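Novice: Make a model of this:
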Amino acid sequence: MPHLVYILLGSNQGNLAQQLENACLDIENEIGNIEDKSSYYQTAAWGNTQQDAFLNQVISVRTELNPKAILEKLLAIEAKMGRQRITKWEPRILDLDILFYDKLLLDETDLIIPHPHIQDRMFTLAPLVEIAANFIHPHLHLSMEALLEICPDPLMVEKMGGN
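Specialist: Just a heads-up that it's a prediction; the model follows:
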């Protein structure tokens, strides 16, 4: 039975919308069918704030792959598009994060699902609410909409349209 996976896409280098569009094509070819896409959201950089704003989007994907295989494919897509991992929260051509994999709770050294910072980041919650407002966080037991309402992140997130 296919699994439902939510993935966060982000870029703050180059043609941002094109980077996200290319990533979606690769995800569809390598991981599974994209069922839904949020609009694009322009967001201030989080963590290292001394860099250009990001364009973010959340997609939902139906896949037969397990979480580790998805992570490997996402890392390969990032590398193919030119991502180099040098320092944490650096500017990047592409950033792909698994947010949820069904209702799975996974805590391993190289992969934590749900993503541990969903509830802390407006740039994740705003697009997630657009396509999965009623999805219940399997660890926090709150909907994405409820998490957005109590999110402590003060950074600006602006819906840009397009997807």
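Novice: pretty sure Asp26 contacts Glu78?
Specialist: No. Between Asp26 and Glu78 there is no contact under CB atoms under 8 Å: 9.6 Å. C-beta here means a position set from N, CA and C on the backbone, and glycine is covered the same way.
Novice: Now do the lowest-mean-pLDDT helix or strand in the chain: distance to the chain's middle.
Specialist: With mean pLDDT, DSSP states H and E as the measure, the helix or strand of the chain carrying the lowest mean pLDDT is strand 157-161 (a mean of 88). In terms of CA atoms, centre = their mean, to the nearest Å, the centre of strand 157-161 is set 15 Å apart from its chain centre.
Novice: In the sheet, which strands lie alongside that strand, parallel or antiparallel?
Specialist: According to DSSP bridges, strand 157-161 forms sheet pairs with strand 40-43 (antiparallel).
Novice: what's the strand it pairs with in contact with?
Specialist: 10, 16-17, 20, 53-57, 122-123, 126-127, 155-163 (CB atoms under 8 Å, 6 or more residues apart in numbering).
Novice: Quick one, which of these are buried?
Specialist: With neighbours counted using 16 or more other CB atoms under 10 Å, the contacts of strand 40-43 contain these buried positions: 10, 16, 20, 53-57, 122-123, 126-127, 157, 163.
Novice: which ones are touching the closest residue to Asp120 other than its chain neighbours?
Specialist: Leaving aside its chain neighbours, Asp120 sits nearest to Asp153 (6.0 Å; criterion: CB to CB, 6 or more residues apart in numbering). Asp153 makes contacts with Trp46, Asp120, Arg121, Met122, Phe123, as judged by CB under 8 Å, 6+ apart.
Novice: Tell me which residues touch the last one, please.
Specialist: Think Phe123. Contacts of Phe123 (CB under 8 Å, 6+ apart): Gly10, Tyr41, Thr43, Trp46, Phe54, Asn56, Asp153, Leu155, Val157.
Novice: my read is Arg62 is in a strand, agree?
Specialist: Yes. Arg62: assigned to a strand according to DSSP: H, G, I helix; E, B strand; the rest coil.
Novice: Now do the same for the residue nearest to Asp120: its pLDDT.
Specialist: Predicted confidence (pLDDT) for Asp153: 92.
Novice: mind listing the helices in the chain by residue range?
Specialist: Counting by DSSP state H, one finds helices in the chain at the ranges 16-30, 67-80, 122-132, 144-150.
Novice: most packed of those?
Specialist: helix 122-132 (a mean of 23; mean count of other CB atoms under 10 Å).
Novice: Tell me which residue is most central in the chain.
Specialist: Nearest residue to the geometric centre of the chain (CA atoms, centre = their mean): Leu8, 0.9 Å.
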